[in-house]
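Novice: I would like the atomic coordinates for the input below:
(chains A, B and C)
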Amino acid sequence: MNREITPYILKRTPEEAAPRKLSIDYAAALNPQQLAAVTAGDGPSLVIAGAGSGKTRTLVYRVAYLIDSGVDPSNILLLTFTRKSAQEMLQRAGELIGVRSERVCGGTFHSVANMLLRRYGRAVGLEPGFTILDRGDAEDLIALVRSQLGLNEKDKRFPRKGTIAEIFSKSENTLRSLDDIVVEEFGHFADHLDALAQLQKGYHAAKRQRQLVDYDDLLVLLRQLLTQDQQARQAISRLYRYILVDEYQDTNRLQADVIRNLAAAHQNVMVVGDDSQSIYAFRGATFRNIMEFPALFPGTTIYKLEENYRSTQPILNLANCIIEEAAEKYAKHLFTRKLDGPLPTLAEATGENAQSRFIAQKILELREEGVPLSEVAVLFRSSFHSFDLEIELSRRELPFVKRGGVKFIETAHVKDLLAHLRVVANPLDAVSWHRVLMLVEGVGPKKAQDLLGALVKSASPYQVLREVSGRSGQGLKNLANTLESLSGSGELGTADQVNHIYEYYLPILKEQYDDYPKRIRDLDHLHTIAEGYPEVDGFLSDLALEPPDGSAIDVEAPDRDDERMVLSTIHSAKGLEWQCVFVIWVVDGKFPSIYSFVTDEDMEEERRLFYVAVTRAKRHLYLTYPINVFDKSSGMLLSKPTRFLDHVSPSMFEQLALIEEGSHADWRGYRDDAY
DNA sequence: CGAATGTGGCTTTTT
DNA sequence: GCCACATTCG
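Specialist: Residues are numbered from 1 along each chain as shown, chains lettered A, B, ... in the order given. Predicted coordinates:
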């Protein structure tokens, strides 16, 4: 049915033709570069937004502007890196334009894909009640399939489950073949190519059979939906007529392709990002996306935001020096009007603890000077880099929140409890069944595996459990009773269900962990979160898509938020800013990490990561590096500041050497020795 | 045989 | 502190 379609123009009435009266004075609120981006016309646009250049402000005003000029808010799609940042932006837009902004669809790629697949997923084989696997679940399922296929040959060195998941994920996200990834990035496993391919097939089949979807599937299946199902494709592109993408430098090929498909009907796509801040290559992102956007979307208008509103000139000077050496980037010249400020400090510490104590002491000094704790952050390359500091801060009763690192949702006890909830919600969920069964006394891998087969086939799984005799008989009966009480007629709310499982699980928890009181607090936290969800499904998918990042400490004093400093990985600090920023472990071998010494691309990414860290600071910036640190994994003695400072003139810093009070080398002694 | 318990190796960054 | 593998226990 390829009928010619003749366009018929609906003419504007004189009233409609007159320029709409806008309710906000955009020109007064924005600088000329921002204004140009905010008021851009239809068609593709690329906004290159330097660090601290008001990128979020620009997006917020863009949303407001679109609504202001007559676009229906529900036709706007705002894709961000975390759901929290989407919410914040829409709230700010709401302050400008009113409650209409609430109807804008905002979230991460994954959360939007989740929503669309629950609605239209049947076309690609998904029932609306599918279960989302987080990374750990995906790994467990891979391990399960591996043992079913008998692939754990003991003679050869087979990659562990985490590595396998990484390989599969990278292949999906970069749109490259499995062979390619293995040969080029995991060469030492090239022997196992066939086995890996077989495993990938099995993993895929297991997911589809059981209505399980991992993070990558959310994107893969959305793309499939858009390319294969005309109806869904039309419905979706009619819905989202204006697409805004934040942090575009951290999207991967798969996401770029999803955007291309979403925008195919209208090309109204504005992406915002900074190629110099691309730091997620390890999960398949490529800054090529932002470099090649104009080629992918012909007719792209490029806007650049170059005025920095965040940092003082001395900090910006350092940042510019660091990024100047980058191999490839969009040319931009960041400038600021905040000319005055202290020089960044580079401090050498005699060991890790000296570094921690320096920070604690300096924070107290800064507090005297009027910098509140909430305006202080300590940033680091890897989550464990802050362990010593955490102890030191606790000792001095300096309150902090830690971001990044192990999520509370990923801890074994929380996953255990949730697994029970999940088997009730999706009785096909093999991963959760396995987990639940293994917790029962007398059940090991073999029995769990056997039961799994029977459970999935049976119409009444709880009966199957009750019929088991032997060592595990009683335990399985208890399990059956607990699960049945959840799914039964009671119509329990999510929080009540969590409570029921908790009662069943508590003895197991106490048996398994000596530190169970701490873990009980996590479960209480989970219960609190559950209270906000009438539906179990929503609770489970929200937890998988946006895990709450704090541990139990977070919930205990939520109202004192403003009095705590932040400890964060640099990755988790993306987009944030503080008056005072400490970057610790700025020692070559930790930062850049020795893992990145292999390829130039990895090294370039470390440089950008360092750039991101430095540009978080508004006024005070401290870089610290311990010396004489023995690195076990490499066998190297680390003592030199990061190589990214090699070409930076010493005049751009104030340099400190930390000396213990009362030691042989107090200040004067040190000088005498040194000169 | 299969479950429970013990031991050695290594640990980046995350939707 | 967590995972894979080794050994002991029922």
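Novice: Could you pull out the helices in the stretch 401-550 of chain A for me?
Specialist: A:412-425, A:430-438, A:445-457, A:461-466, A:473-487, A:494-512, A:516-530, A:536-545 (DSSP state H, counting those that start in this stretch).
Novice: For residue A:497, give its distance to DNA strand C.
Specialist: 25 Å (Cβ to the nearest atom of the strand, to the nearest Å). From N, CA and C alone the C-beta is placed, and that goes for glycine too.
Novice: which outside residues touch the host helix or strand of residue A:360?
Specialist: Assigned by DSSP states H and E, residue A:360 belongs to helix A:352-368. Helix A:352-368 is touched from outside by A:347, A:349, A:373, A:376, A:378, A:388-389, A:391-393, A:396, A:398, A:565, A:580, A:582, A:584-585, A:620, A:622, A:624-626, A:629, A:658, A:660, with contacts defined as Cβ atoms under 8 Å, 6 or more residues apart in numbering.
Novice: And stretch A:87-100, by the same measure?
Specialist: With Cβ under 8 Å, 6+ apart as the test, stretch A:87-100 has contacts from A:23-24, A:56, A:59-61, A:63-64, A:67-68, A:73, A:78, A:80, A:101-102, A:104, A:106, A:246.
Novice: and these, which of them are in helices?
Specialist: Mapping the contacts of stretch A:87-100 onto helices (DSSP state H) picks out A:56, A:59, A:60, A:61, A:63, A:64, A:67, A:68.
Novice: Between which two of these is the distance greatest?
Specialist: Across the ones in helices among the contacts of stretch A:87-100, the longest distance by Cβ to Cβ is 18.1 Å; it joins A:56 and A:68.
Novice: In the stretch 401-550 of chain A, which residue sits nearest DNA strand B?
Specialist: residue A:444 (2.3 Å; Cβ to the nearest atom of the strand).
Novice: Do you know the pLDDT at that residue?
Specialist: Note on residue A:444: pLDDT of 89.
Novice: Count residues in the vicinity of it, would you?
Specialist: Neighbourhood size, residue A:444 [other Cβ atoms under 10 Å]: 11.
Novice: Contacts only, for it.
Specialist: Contacts of residue A:444 (Cβ under 8 Å, 6+ apart): residue A:438.
Novice: So which of the contacts of helix A:352-368 are in strands?
Specialist: A:347, A:349, A:376, A:378, A:565, A:580, A:582, A:620, A:622, A:624-626, A:629 (DSSP state E).
Novice: Need these in TSV (columns: neighbour count and pLDDT).
Specialist: Below are the ones in strands among the contacts of helix A:352-368 laid out as TSV (neighbours: other Cβ atoms under 10 Å; pLDDT from 0 to 100):
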residue	neighbour count	pLDDT
A:347	24	94
A:349	24	91
A:376	24	95
A:378	27	96
A:565	23	92
A:580	23	96
A:582	28	97
A:620	22	96
A:622	24	97
A:624	25	95
A:625	24	93
A:626	25	92
A:629	19	84
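Novice: need the residues you listed in JSON lines with distance to residue A:596, can you?
Specialist: Putting those into JSON lines (distance: Cβ to Cβ, whole Å) gives the following:
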{"residue": "A:347", "distance to residue A:596": "24"}
{"residue": "A:349", "distance to residue A:596": "23"}
{"residue": "A:376", "distance to residue A:596": "28"}
{"residue": "A:378", "distance to residue A:596": "22"}
{"residue": "A:565", "distance to residue A:596": "28"}
{"residue": "A:580", "distance to residue A:596": "27"}
{"residue": "A:582", "distance to residue A:596": "22"}
{"residue": "A:620", "distance to residue A:596": "28"}
{"residue": "A:622", "distance to residue A:596": "23"}
{"residue": "A:624", "distance to residue A:596": "20"}
{"residue": "A:625", "distance to residue A:596": "17"}
{"residue": "A:626", "distance to residue A:596": "19"}
{"residue": "A:629", "distance to residue A:596": "18"}
